[in-house]
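Visitor: I'd like to go over a predicted model; first the sequence, then the structure.
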Amino acid sequence: MCGIVGIVSSLPVNQQVYDSLSLLQHRGQDSTGIATAEGDTFHIQKAKGQVREAYRTRDMRSLLGTMGLGHVRYATKGTAGNEQEAQPFYVNAPYGIILVHNGNLTNTRELTQELFHVDRRHLNTTSDTELLVNVLANELQDQLTGSDFAPDQAFDAIASLHERVEGSYAAIALIAGHGLLAFRDPFGIRPLILGRRSQGLVGDEWIVASESLVLEAGGYDVVRDIAPGEAVFIAMDGEMTSRQCAKNPRLIPCSFEYVYLARPDSIMNGISVYDARLRLGDRLADTIATYAPMGDIDVVMPIPDSSRPAAMQVARKLGIEYREGFYKNRYVGRTFIMPGQAERKKSVKQKLNAMSSEFKGKNILIVDDSIVRGTTSKEIVQMAREAGANKVTFTSAAPPVRYPHVYGINMPTRQELVAHNRKIPEIATELGADHLIYQEVADMEAAIIEGSDVTSLEMSCFTGDYVTGSVTPEYLAWVESNQAS
Ligand SMILES: O=P(O)(O)OC[C@H]1O[C@H](OP(=O)(O)OP(=O)(O)O)[C@H](O)[C@@H]1O
Ligand SMILES: NC(=O)CC[C@H](N)C(=O)O
Ligand SMILES: [Mg+2]
(Lines give C-alpha, C1' and ligand atoms only; values in the text may rest on other atoms or scores of the structure.)
(Ligands and ions follow the chains in the order given, each with its own letter.)
Protein backbone atom coordinates (compact mmCIF):
# COMPACT_ATOMS: atom_id res chain seq x y z
CA MET A 1 0.00 0.00 0.00
CA CYS A 2 1.21 3.38 -0.95
CA GLY A 3 -0.77 6.59 -0.96
CA ILE A 4 -1.48 8.40 -4.22
CA VAL A 5 -3.20 11.64 -5.21
CA GLY A 6 -3.76 13.58 -8.43
CA ILE A 7 -5.35 17.03 -8.87
CA VAL A 8 -6.49 19.10 -11.87
CA SER A 9 -7.33 22.73 -11.15
CA SER A 10 -7.01 26.18 -12.68
CA LEU A 11 -4.88 27.35 -9.75
CA PRO A 12 -1.44 26.11 -8.56
CA VAL A 13 -1.78 22.65 -7.01
CA ASN A 14 1.57 22.19 -5.18
CA GLN A 15 0.26 22.92 -1.69
CA GLN A 16 -2.87 20.83 -2.19
CA VAL A 17 -0.83 17.82 -3.31
CA TYR A 18 1.50 18.25 -0.31
CA ASP A 19 -1.42 18.50 2.13
CA SER A 20 -3.06 15.43 0.62
CA LEU A 21 0.16 13.42 0.96
CA SER A 22 0.43 14.39 4.63
CA LEU A 23 -3.02 12.91 5.10
CA LEU A 24 -1.94 9.70 3.37
CA GLN A 25 1.29 9.33 5.37
CA HIS A 26 -0.05 6.25 7.21
CA ARG A 27 0.09 4.40 3.85
CA GLY A 28 3.85 4.76 3.35
CA GLN A 29 6.83 6.29 5.12
CA ASP A 30 9.71 5.15 2.90
CA SER A 31 9.90 7.96 0.34
CA THR A 32 7.68 10.53 -1.29
CA GLY A 33 7.41 12.43 -4.56
CA ILE A 34 5.41 15.23 -6.15
CA ALA A 35 5.16 16.19 -9.84
CA THR A 36 3.33 19.16 -11.31
CA ALA A 37 2.64 20.11 -14.92
CA GLU A 38 3.09 23.69 -16.04
CA GLY A 39 1.86 23.60 -19.62
CA ASP A 40 4.05 20.97 -21.29
CA THR A 41 6.72 21.02 -18.56
CA PHE A 42 6.87 18.64 -15.61
CA HIS A 43 8.43 19.74 -12.33
CA ILE A 44 9.46 16.84 -10.10
CA GLN A 45 10.68 16.53 -6.49
CA LYS A 46 11.38 13.19 -4.82
CA ALA A 47 13.01 12.39 -1.49
CA LYS A 48 13.44 9.68 1.08
CA GLY A 49 11.41 9.74 4.27
CA GLN A 50 8.19 11.32 5.37
CA VAL A 51 6.38 14.23 3.74
CA ARG A 52 7.05 16.73 6.53
CA GLU A 53 10.83 16.36 6.28
CA ALA A 54 11.12 15.69 2.56
CA TYR A 55 10.23 19.04 0.98
CA ARG A 56 11.90 22.38 1.54
CA THR A 57 10.29 25.70 0.72
CA ARG A 58 12.44 26.02 -2.40
CA ASP A 59 11.29 22.56 -3.56
CA MET A 60 7.67 23.59 -3.13
CA ARG A 61 8.25 26.85 -5.02
CA SER A 62 9.65 24.94 -7.96
CA LEU A 63 6.50 22.79 -8.26
CA LEU A 64 4.62 25.14 -10.57
CA GLY A 65 1.49 24.28 -12.50
CA THR A 66 -2.22 23.61 -12.23
CA MET A 67 -2.14 19.84 -12.54
CA GLY A 68 -0.17 17.56 -10.25
CA LEU A 69 0.23 14.25 -8.51
CA GLY A 70 1.97 12.81 -5.48
CA HIS A 71 3.01 9.59 -3.79
CA VAL A 72 4.02 8.22 -0.41
CA ARG A 73 5.83 4.90 -0.77
CA TYR A 74 5.79 1.70 1.22
CA ALA A 75 8.09 -0.53 -0.83
CA THR A 76 6.74 -3.90 -1.94
CA LYS A 77 8.93 -4.53 -4.99
CA GLY A 78 12.50 -3.48 -5.58
CA THR A 79 14.38 -2.02 -2.64
CA ALA A 80 13.12 -0.07 0.33
CA GLY A 81 15.03 3.14 1.02
CA ASN A 82 16.18 3.41 -2.61
CA GLU A 83 15.78 6.94 -3.88
CA GLN A 84 15.90 5.73 -7.49
CA GLU A 85 12.66 3.86 -6.86
CA ALA A 86 10.84 6.73 -5.20
CA GLN A 87 7.79 7.60 -7.25
CA PRO A 88 6.61 9.17 -9.57
CA PHE A 89 8.26 7.46 -12.56
CA TYR A 90 8.75 9.40 -15.79
CA VAL A 91 9.05 8.41 -19.46
CA ASN A 92 9.56 11.01 -22.17
CA ALA A 93 7.44 9.46 -24.93
CA PRO A 94 4.70 9.63 -26.06
CA TYR A 95 4.20 13.26 -25.02
CA GLY A 96 5.84 12.74 -21.61
CA ILE A 97 4.12 10.60 -19.00
CA ILE A 98 4.66 10.65 -15.25
CA LEU A 99 2.97 8.07 -13.04
CA VAL A 100 2.31 7.06 -9.43
CA HIS A 101 1.17 3.59 -8.42
CA ASN A 102 -0.31 1.88 -5.41
CA GLY A 103 -0.17 -1.89 -5.66
CA ASN A 104 2.12 -4.67 -6.70
CA LEU A 105 2.44 -6.37 -10.09
CA THR A 106 2.73 -10.15 -10.09
CA ASN A 107 3.97 -10.84 -13.66
CA THR A 108 7.04 -8.62 -13.42
CA ARG A 109 9.40 -11.28 -14.81
CA GLU A 110 7.39 -11.64 -18.03
CA LEU A 111 6.90 -7.87 -18.35
CA THR A 112 10.62 -7.20 -17.88
CA GLN A 113 11.50 -9.66 -20.65
CA GLU A 114 8.81 -8.35 -23.05
CA LEU A 115 9.56 -4.70 -22.47
CA PHE A 116 13.27 -5.22 -22.99
CA HIS A 117 13.31 -7.71 -25.87
CA VAL A 118 10.08 -6.96 -27.74
CA ASP A 119 9.27 -3.31 -27.01
CA ARG A 120 12.98 -2.39 -26.74
CA ARG A 121 12.52 -0.21 -23.69
CA HIS A 122 15.17 0.56 -21.15
CA LEU A 123 14.49 -0.25 -17.50
CA ASN A 124 16.75 1.31 -14.92
CA THR A 125 15.41 -0.14 -11.64
CA THR A 126 13.70 -3.26 -10.33
CA SER A 127 10.56 -1.31 -9.40
CA ASP A 128 7.29 -2.72 -10.76
CA THR A 129 6.05 0.86 -11.16
CA GLU A 130 8.73 1.48 -13.78
CA LEU A 131 7.27 -1.50 -15.67
CA LEU A 132 3.75 -0.12 -15.36
CA VAL A 133 4.61 3.30 -16.78
CA ASN A 134 6.52 1.68 -19.64
CA VAL A 135 3.62 -0.60 -20.54
CA LEU A 136 1.31 2.43 -20.48
CA ALA A 137 3.68 4.42 -22.70
CA ASN A 138 4.07 1.53 -25.11
CA GLU A 139 0.34 0.89 -25.43
CA LEU A 140 -0.46 4.59 -25.78
CA GLN A 141 2.18 4.96 -28.48
CA ASP A 142 0.47 2.12 -30.41
CA GLN A 143 -2.86 3.99 -30.29
CA LEU A 144 -1.50 7.27 -31.61
CA THR A 145 -1.74 6.67 -35.31
CA GLY A 146 -1.32 10.11 -36.81
CA SER A 147 -4.26 11.86 -35.16
CA ASP A 148 -4.09 14.20 -32.18
CA PHE A 149 -4.51 12.90 -28.66
CA ALA A 150 -8.06 11.98 -27.61
CA PRO A 151 -9.19 10.38 -24.31
CA ASP A 152 -10.38 7.30 -26.23
CA GLN A 153 -6.81 6.56 -27.23
CA ALA A 154 -5.82 6.58 -23.57
CA PHE A 155 -8.75 4.27 -22.77
CA ASP A 156 -7.74 1.86 -25.56
CA ALA A 157 -4.22 1.91 -24.14
CA ILE A 158 -5.55 1.01 -20.68
CA ALA A 159 -7.61 -1.82 -22.21
CA SER A 160 -4.38 -3.28 -23.67
CA LEU A 161 -2.53 -2.61 -20.41
CA HIS A 162 -5.14 -4.67 -18.53
CA GLU A 163 -4.40 -7.54 -20.94
CA ARG A 164 -0.66 -7.38 -20.29
CA VAL A 165 -0.34 -6.55 -16.61
CA GLU A 166 -1.29 -8.79 -13.67
CA GLY A 167 -1.51 -7.96 -9.99
CA SER A 168 -2.85 -4.91 -8.23
CA TYR A 169 -2.62 -1.35 -9.47
CA ALA A 170 -4.40 1.84 -8.66
CA ALA A 171 -2.50 4.43 -10.68
CA ILE A 172 -2.54 8.10 -11.67
CA ALA A 173 -0.59 9.52 -14.62
CA LEU A 174 -0.10 12.99 -16.05
CA ILE A 175 0.18 13.16 -19.82
CA ALA A 176 2.12 16.32 -20.69
CA GLY A 177 0.05 18.98 -22.39
CA HIS A 178 -3.14 16.90 -22.16
CA GLY A 179 -4.40 15.86 -18.75
CA LEU A 180 -4.62 13.36 -15.93
CA LEU A 181 -5.37 9.67 -16.41
CA ALA A 182 -6.39 7.47 -13.45
CA PHE A 183 -7.09 3.74 -13.59
CA ARG A 184 -7.71 0.76 -11.35
CA ASP A 185 -6.99 -2.93 -11.91
CA PRO A 186 -9.87 -5.22 -13.02
CA PHE A 187 -10.36 -6.53 -9.45
CA GLY A 188 -10.16 -3.11 -7.79
CA ILE A 189 -7.79 -4.61 -5.22
CA ARG A 190 -6.35 -1.26 -4.18
CA PRO A 191 -8.60 1.76 -3.60
CA LEU A 192 -9.05 4.90 -5.73
CA ILE A 193 -11.73 7.54 -5.33
CA LEU A 194 -12.78 10.54 -7.45
CA GLY A 195 -13.89 13.92 -6.10
CA ARG A 196 -14.86 17.35 -7.40
CA ARG A 197 -15.25 20.84 -5.97
CA SER A 198 -16.62 23.94 -7.65
CA GLN A 199 -15.41 27.30 -6.45
CA GLY A 200 -16.83 30.34 -8.24
CA LEU A 201 -14.39 31.66 -10.81
CA VAL A 202 -11.97 28.77 -10.29
CA GLY A 203 -14.48 26.39 -11.89
CA ASP A 204 -14.42 22.64 -11.40
CA GLU A 205 -11.41 21.15 -9.63
CA TRP A 206 -10.89 17.39 -9.70
CA ILE A 207 -9.09 15.11 -7.31
CA VAL A 208 -8.28 11.39 -7.40
CA ALA A 209 -6.89 9.82 -4.21
CA SER A 210 -6.35 6.57 -2.35
CA GLU A 211 -8.70 7.49 0.48
CA SER A 212 -11.85 9.57 0.88
CA LEU A 213 -10.56 11.45 3.92
CA VAL A 214 -8.31 13.44 1.56
CA LEU A 215 -11.38 14.61 -0.37
CA GLU A 216 -13.20 15.50 2.80
CA ALA A 217 -10.27 17.49 4.20
CA GLY A 218 -9.91 19.44 0.93
CA GLY A 219 -13.61 20.31 0.76
CA TYR A 220 -14.22 18.09 -2.28
CA ASP A 221 -17.48 16.22 -2.88
CA VAL A 222 -17.10 12.51 -3.40
CA VAL A 223 -18.13 11.69 -6.98
CA ARG A 224 -17.57 7.93 -6.68
CA ASP A 225 -15.00 5.19 -6.32
CA ILE A 226 -13.26 4.55 -9.62
CA ALA A 227 -14.66 1.18 -10.70
CA PRO A 228 -12.43 -1.90 -11.08
CA GLY A 229 -11.01 -1.84 -14.61
CA GLU A 230 -12.24 1.71 -15.23
CA ALA A 231 -10.12 4.61 -16.47
CA VAL A 232 -10.90 8.29 -15.93
CA PHE A 233 -9.38 11.11 -17.98
CA ILE A 234 -9.49 14.73 -16.83
CA ALA A 235 -8.32 17.21 -19.44
CA MET A 236 -6.31 20.26 -18.36
CA ASP A 237 -9.42 22.41 -18.94
CA GLY A 238 -11.36 20.27 -16.43
CA GLU A 239 -13.41 18.14 -18.80
CA MET A 240 -13.85 14.63 -17.35
CA THR A 241 -14.50 11.44 -19.33
CA SER A 242 -14.39 7.82 -18.25
CA ARG A 243 -14.68 4.32 -19.68
CA GLN A 244 -14.72 0.75 -18.48
CA CYS A 245 -11.59 -0.75 -20.05
CA ALA A 246 -11.55 -4.31 -18.65
CA LYS A 247 -13.30 -7.32 -20.19
CA ASN A 248 -14.42 -8.94 -16.93
CA PRO A 249 -14.19 -6.43 -14.10
CA ARG A 250 -15.08 -7.77 -10.64
CA LEU A 251 -14.73 -5.85 -7.40
CA ILE A 252 -12.59 -7.83 -4.92
CA PRO A 253 -11.01 -5.19 -2.67
CA CYS A 254 -8.18 -5.98 -0.26
CA SER A 255 -9.46 -7.01 3.20
CA PHE A 256 -6.29 -5.72 4.85
CA GLU A 257 -7.23 -2.11 3.99
CA TYR A 258 -10.17 -2.44 6.37
CA VAL A 259 -8.28 -4.44 8.99
CA TYR A 260 -5.21 -2.18 9.27
CA LEU A 261 -4.04 -0.02 6.37
CA ALA A 262 -6.67 2.62 5.79
CA ARG A 263 -7.53 5.45 8.13
CA PRO A 264 -10.75 4.73 10.03
CA ASP A 265 -12.36 7.96 8.85
CA SER A 266 -12.21 6.85 5.20
CA ILE A 267 -15.01 5.22 3.23
CA MET A 268 -13.76 2.70 0.68
CA ASN A 269 -15.94 0.99 -1.90
CA GLY A 270 -18.97 2.25 0.06
CA ILE A 271 -17.73 0.70 3.33
CA SER A 272 -16.79 2.90 6.29
CA VAL A 273 -13.45 1.64 7.59
CA TYR A 274 -14.40 2.62 11.15
CA ASP A 275 -17.74 0.79 11.01
CA ALA A 276 -16.02 -2.27 9.53
CA ARG A 277 -13.60 -2.28 12.50
CA LEU A 278 -16.49 -1.99 14.97
CA ARG A 279 -18.19 -4.96 13.30
CA LEU A 280 -14.92 -6.91 13.40
CA GLY A 281 -14.95 -6.29 17.16
CA ASP A 282 -18.55 -7.48 17.44
CA ARG A 283 -17.83 -10.76 15.72
CA LEU A 284 -14.58 -11.25 17.59
CA ALA A 285 -16.47 -10.83 20.87
CA ASP A 286 -18.81 -13.68 19.86
CA THR A 287 -15.83 -15.93 19.14
CA ILE A 288 -14.11 -14.96 22.39
CA ALA A 289 -17.30 -15.76 24.32
CA THR A 290 -17.29 -19.31 22.97
CA TYR A 291 -13.67 -19.97 23.98
CA ALA A 292 -12.54 -18.00 27.00
CA PRO A 293 -13.88 -18.23 30.55
CA MET A 294 -15.28 -14.67 30.74
CA GLY A 295 -15.53 -14.47 34.53
CA ASP A 296 -11.79 -14.63 34.45
CA ILE A 297 -11.15 -11.39 32.55
CA ASP A 298 -10.83 -8.04 34.34
CA VAL A 299 -10.22 -5.60 31.50
CA VAL A 300 -10.21 -5.35 27.69
CA MET A 301 -7.29 -3.37 26.31
CA PRO A 302 -6.44 -2.18 22.76
CA ILE A 303 -2.98 -1.89 21.26
CA PRO A 304 -2.95 1.64 19.95
CA ASP A 305 -3.78 2.77 17.37
CA SER A 306 -5.46 0.55 14.85
CA SER A 307 -7.25 -1.89 17.15
CA ARG A 308 -9.17 0.71 19.18
CA PRO A 309 -12.59 0.47 17.45
CA ALA A 310 -12.55 -3.35 17.56
CA ALA A 311 -11.43 -3.39 21.20
CA MET A 312 -14.16 -0.94 22.21
CA GLN A 313 -16.76 -3.20 20.67
CA VAL A 314 -15.31 -6.34 22.26
CA ALA A 315 -15.50 -4.69 25.69
CA ARG A 316 -19.04 -3.44 25.12
CA LYS A 317 -20.35 -6.74 23.86
CA LEU A 318 -18.69 -8.83 26.57
CA GLY A 319 -19.68 -6.33 29.26
CA ILE A 320 -16.09 -6.00 30.47
CA GLU A 321 -14.38 -2.73 31.36
CA TYR A 322 -12.35 -1.06 28.55
CA ARG A 323 -9.03 0.38 29.74
CA GLU A 324 -6.05 1.89 27.94
CA GLY A 325 -2.89 0.54 29.54
CA PHE A 326 -0.46 1.11 26.71
CA TYR A 327 0.63 4.66 26.08
CA LYS A 328 1.83 5.48 22.62
CA ASN A 329 4.59 7.89 21.62
CA ARG A 330 2.89 9.80 18.84
CA TYR A 331 6.20 10.74 17.21
CA VAL A 332 7.06 7.20 16.16
CA GLY A 333 5.51 6.11 12.87
CA ARG A 334 3.65 2.88 12.13
CA THR A 335 5.99 0.01 12.91
CA PHE A 336 4.50 -2.57 10.58
CA ILE A 337 5.26 -0.58 7.44
CA MET A 338 8.89 0.06 8.40
CA PRO A 339 11.52 -1.72 6.32
CA GLY A 340 13.55 -4.42 8.08
CA GLN A 341 12.74 -6.51 11.12
CA ALA A 342 15.44 -4.97 13.36
CA GLU A 343 13.98 -1.49 12.95
CA ARG A 344 10.42 -2.75 13.48
CA LYS A 345 11.40 -4.51 16.70
CA LYS A 346 13.24 -1.55 18.14
CA SER A 347 10.32 0.74 17.33
CA VAL A 348 7.70 -1.26 19.22
CA LYS A 349 9.55 -0.55 22.50
CA GLN A 350 10.07 3.08 21.59
CA LYS A 351 6.46 3.39 20.62
CA LEU A 352 4.54 1.74 23.43
CA ASN A 353 4.89 1.84 27.18
CA ALA A 354 2.79 -0.16 29.67
CA MET A 355 1.42 1.71 32.69
CA SER A 356 1.79 -0.72 35.57
CA SER A 357 -1.24 0.63 37.47
CA GLU A 358 -3.45 -0.78 34.71
CA PHE A 359 -1.86 -4.23 34.81
CA LYS A 360 -0.95 -5.18 38.38
CA GLY A 361 -2.63 -8.42 39.38
CA LYS A 362 -5.20 -8.23 36.56
CA ASN A 363 -6.30 -10.72 33.92
CA ILE A 364 -6.02 -8.74 30.69
CA LEU A 365 -7.70 -9.37 27.35
CA ILE A 366 -5.61 -7.62 24.73
CA VAL A 367 -7.10 -6.84 21.31
CA ASP A 368 -4.99 -6.13 18.25
CA ASP A 369 -6.27 -5.67 14.71
CA SER A 370 -3.90 -8.30 13.31
CA ILE A 371 -0.88 -10.42 14.15
CA VAL A 372 1.51 -10.66 11.22
CA ARG A 373 5.15 -11.25 12.15
CA GLY A 374 4.29 -11.21 15.84
CA THR A 375 6.79 -8.39 16.43
CA THR A 376 4.24 -6.24 18.25
CA SER A 377 2.40 -8.99 20.09
CA LYS A 378 5.51 -10.68 21.51
CA GLU A 379 6.77 -7.40 22.95
CA ILE A 380 3.32 -6.48 24.21
CA VAL A 381 2.81 -9.71 26.10
CA GLN A 382 6.23 -9.34 27.69
CA MET A 383 5.50 -5.71 28.63
CA ALA A 384 2.14 -6.66 30.14
CA ARG A 385 3.81 -9.32 32.28
CA GLU A 386 6.62 -7.01 33.35
CA ALA A 387 3.95 -4.48 34.34
CA GLY A 388 2.45 -7.09 36.65
CA ALA A 389 -0.38 -8.67 34.63
CA ASN A 390 -1.66 -11.93 36.02
CA LYS A 391 -3.05 -13.66 32.93
CA VAL A 392 -2.72 -12.42 29.34
CA THR A 393 -5.29 -13.41 26.72
CA PHE A 394 -4.30 -12.11 23.28
CA THR A 395 -6.95 -11.69 20.57
CA SER A 396 -6.78 -10.61 16.94
CA ALA A 397 -9.62 -8.97 14.99
CA ALA A 398 -8.22 -10.62 11.84
CA PRO A 399 -7.61 -14.34 11.25
CA PRO A 400 -4.10 -15.85 11.33
CA VAL A 401 -1.90 -14.47 8.53
CA ARG A 402 -0.50 -17.68 7.09
CA TYR A 403 0.34 -16.85 3.48
CA PRO A 404 2.38 -14.16 1.73
CA HIS A 405 0.62 -11.01 0.55
CA VAL A 406 1.59 -10.19 -3.03
CA TYR A 407 -0.82 -7.35 -3.81
CA GLY A 408 0.84 -4.36 -2.18
CA ILE A 409 1.58 -5.27 1.42
CA ASN A 410 5.13 -6.18 2.27
CA MET A 411 4.78 -9.66 3.76
CA PRO A 412 6.26 -11.77 1.01
CA THR A 413 7.86 -14.69 2.84
CA ARG A 414 6.08 -17.46 4.71
CA GLN A 415 8.90 -17.95 7.23
CA GLU A 416 8.52 -14.46 8.67
CA LEU A 417 4.81 -14.97 9.46
CA VAL A 418 4.36 -16.14 13.02
CA ALA A 419 1.25 -18.19 12.09
CA HIS A 420 2.84 -19.98 9.16
CA ASN A 421 2.89 -23.73 9.76
CA ARG A 422 1.88 -23.27 13.38
CA LYS A 423 -1.34 -24.30 15.13
CA ILE A 424 -2.94 -21.66 17.34
CA PRO A 425 -1.64 -23.09 20.67
CA GLU A 426 1.86 -23.14 19.17
CA ILE A 427 1.50 -19.48 18.16
CA ALA A 428 0.32 -18.67 21.71
CA THR A 429 3.49 -20.28 23.07
CA GLU A 430 5.61 -18.36 20.59
CA LEU A 431 4.00 -15.07 21.69
CA GLY A 432 4.10 -16.01 25.35
CA ALA A 433 0.33 -15.55 25.83
CA ASP A 434 -1.84 -17.70 28.13
CA HIS A 435 -4.64 -17.82 25.54
CA LEU A 436 -4.77 -16.73 21.91
CA ILE A 437 -8.01 -16.19 20.00
CA TYR A 438 -8.34 -15.20 16.36
CA GLN A 439 -11.26 -14.01 14.25
CA GLU A 440 -12.63 -16.66 11.84
CA VAL A 441 -12.09 -15.96 8.11
CA ALA A 442 -15.84 -16.06 7.29
CA ASP A 443 -16.58 -13.68 10.17
CA MET A 444 -13.95 -11.23 8.98
CA GLU A 445 -15.39 -11.15 5.48
CA ALA A 446 -18.98 -10.87 6.69
CA ALA A 447 -18.10 -8.12 9.18
CA ILE A 448 -16.38 -5.99 6.55
CA ILE A 449 -18.87 -6.30 3.69
CA GLU A 450 -22.06 -6.22 5.78
CA GLY A 451 -24.61 -3.72 4.41
CA SER A 452 -22.56 -2.87 1.29
CA ASP A 453 -22.64 -3.85 -2.40
CA VAL A 454 -19.28 -5.61 -2.10
CA THR A 455 -19.75 -9.38 -2.36
CA SER A 456 -16.24 -10.69 -1.77
CA LEU A 457 -12.82 -9.57 -0.57
CA GLU A 458 -9.22 -10.28 -1.50
CA MET A 459 -8.12 -12.36 1.51
CA SER A 460 -5.17 -14.35 0.15
CA CYS A 461 -2.90 -13.80 3.16
CA PHE A 462 -5.50 -15.54 5.31
CA THR A 463 -6.64 -18.24 2.86
CA GLY A 464 -3.83 -18.80 0.33
CA ASP A 465 -6.31 -18.17 -2.56
CA TYR A 466 -4.93 -15.62 -5.03
CA VAL A 467 -7.25 -13.87 -7.50
CA THR A 468 -4.70 -13.36 -10.28
CA GLY A 469 -3.48 -16.36 -12.26
CA SER A 470 0.22 -15.52 -12.20
CA VAL A 471 0.53 -16.28 -8.46
CA THR A 472 1.71 -19.90 -8.55
CA PRO A 473 3.80 -21.81 -5.95
CA GLU A 474 6.80 -21.25 -8.23
CA TYR A 475 6.08 -17.49 -8.26
CA LEU A 476 5.80 -17.39 -4.46
CA ALA A 477 9.13 -19.20 -4.11
CA TRP A 478 10.70 -16.66 -6.48
CA VAL A 479 9.24 -13.73 -4.52
CA GLU A 480 10.64 -15.21 -1.31
CA SER A 481 14.12 -15.19 -2.72
CA ASN A 482 13.78 -11.62 -4.07
CA GLN A 483 11.86 -9.84 -1.36
CA ALA A 484 11.80 -6.11 -0.68
CA SER A 485 13.18 -6.06 2.84
O1 LIG B 1 2.50 -8.80 14.09
P2 LIG B 1 3.22 -7.59 13.60
O3 LIG B 1 4.18 -7.94 12.51
O4 LIG B 1 3.85 -6.81 14.70
O5 LIG B 1 2.18 -6.64 12.85
C6 LIG B 1 0.92 -6.29 13.35
C7 LIG B 1 0.94 -5.00 14.12
O8 LIG B 1 1.45 -3.91 13.31
C9 LIG B 1 0.46 -2.89 13.17
O10 LIG B 1 0.68 -1.82 14.08
P11 LIG B 1 1.49 -0.48 13.75
O12 LIG B 1 2.34 -0.17 14.89
O13 LIG B 1 2.16 -0.60 12.42
O14 LIG B 1 0.40 0.67 13.53
P15 LIG B 1 -0.87 1.22 14.36
O16 LIG B 1 -0.35 2.29 15.28
O17 LIG B 1 -1.76 1.77 13.29
O18 LIG B 1 -1.54 0.12 15.10
C19 LIG B 1 -0.84 -3.59 13.50
O20 LIG B 1 -1.81 -2.67 13.99
C21 LIG B 1 -0.45 -4.59 14.56
O22 LIG B 1 -0.39 -3.97 15.83
N1 LIG C 1 2.84 -0.38 -1.57
C2 LIG C 1 2.79 -0.01 -2.82
O3 LIG C 1 1.74 0.29 -3.36
C4 LIG C 1 4.11 -0.08 -3.52
C5 LIG C 1 4.13 0.33 -4.97
C6 LIG C 1 5.30 -0.30 -5.72
N7 LIG C 1 5.08 -1.73 -5.85
C8 LIG C 1 6.64 -0.02 -5.01
O9 LIG C 1 7.20 -0.88 -4.38
O10 LIG C 1 7.12 1.08 -5.06
MG1 LIG D 1 -0.87 -1.79 15.74
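Guide: That came in fine, so what should we check first? Numbers count the residues shown, from 1 in each chain. Ligands and ions are numbered 1, 2, ... in the order given.
Visitor: Counting residues, name the longest helix you see in this protein.
Guide: helix 273-291 (DSSP state H).
Visitor: which other helices and strands contact that helix?
Guide: Judged by 3 or more Cβ pairs under 8 Å, 6 or more residues apart in numbering; DSSP states H and E, helix 273-291 is in contact with helix 308-318, strand 363-368, strand 391-396, strand 435-438, helix 441-449. For every residue, glycine as well, the C-beta is placed using N, CA and C.
Visitor: Show the model's pLDDT score for the closest residue to ligand 1 within the stretch 151-300 of the chain.
Guide: Of all residues in the stretch 151-300 of the chain, Tyr260 sits closest to ligand 1, at 5.2 Å by Cβ to the nearest ligand atom. Per-residue confidence (pLDDT) for Tyr260: 95.
Visitor: Does Gly39 touch Gly177 like I think?
Guide: Yes. Under the criterion of Cβ atoms under 8 Å, Gly39 makes contact with Gly177 at 6.9 Å.
Visitor: quick revisit: around the residue of the stretch 151-300 of the chain closest to ligand 1, how many other residues sit close by?
Guide: 23 (other Cβ atoms under 10 Å).
Visitor: same deal with Pro404?
Guide: 26.
Visitor: what's near enough to touch it?
Guide: By Cβ atoms under 8 Å, 6 or more residues apart in numbering, the contact list for Pro404 reads Met411, Pro412, Thr413, Arg414, Leu417, Cys461, Leu476, Val479, Glu480.
Visitor: Same question for Ile366.
Guide: Contacts of Ile366 by Cβ under 8 Å, 6+ apart are Met301, Pro302, Ile303, Ile380, Val381, Ala384, Val392, Thr393, Phe394, Thr395.
Visitor: Does Ser10 touch Gly238 like I think?
Guide: Yes. Counting by Cβ under 8 Å, Ser10 does reach Gly238; the two are 7.2 Å apart.
Visitor: Which neighbours do the two have in common?
Guide: Common neighbours of Ser10 and Gly238 (Cβ under 8 Å, 6+ apart) are Gly203, Glu205.
Visitor: What's the separation between the closest residue to ligand 1 within the stretch 51-200 of the chain and Gln29?
Guide: Nearest residue of the stretch 51-200 of the chain to ligand 1: Tyr74, at 10.7 Å (Cβ to the nearest ligand atom). Relative to Gln29, Tyr74 is positioned 7 Å away (Cβ to Cβ, to the nearest Å).
Visitor: Show me which of these two is the more surrounded one.
Guide: More neighbours surround Tyr74 than the other of Tyr74 and Gln29, with 25 against 19 (other Cβ under 10 Å).
Visitor: Go ahead and confirm that one touches His26.
Guide: No. Here Tyr74 does not reach His26: they are 9.6 Å apart, not a contact under Cβ under 8 Å.
Visitor: Chain neighbours aside, what residue packs nearest to Thr66?
Guide: Leaving out its chain neighbours, the residue that sits closest to Thr66 by Cβ to Cβ, 6 or more residues apart in numbering is Ser9, at 5.2 Å.
Visitor: Torsion angles phi and psi at that neighbour?
Guide: phi -140, psi -180 (degrees, to the nearest 10).
Visitor: cool, Leu99 as well?
Guide: phi -140, psi 140.
Visitor: Right, I'll leave it there.
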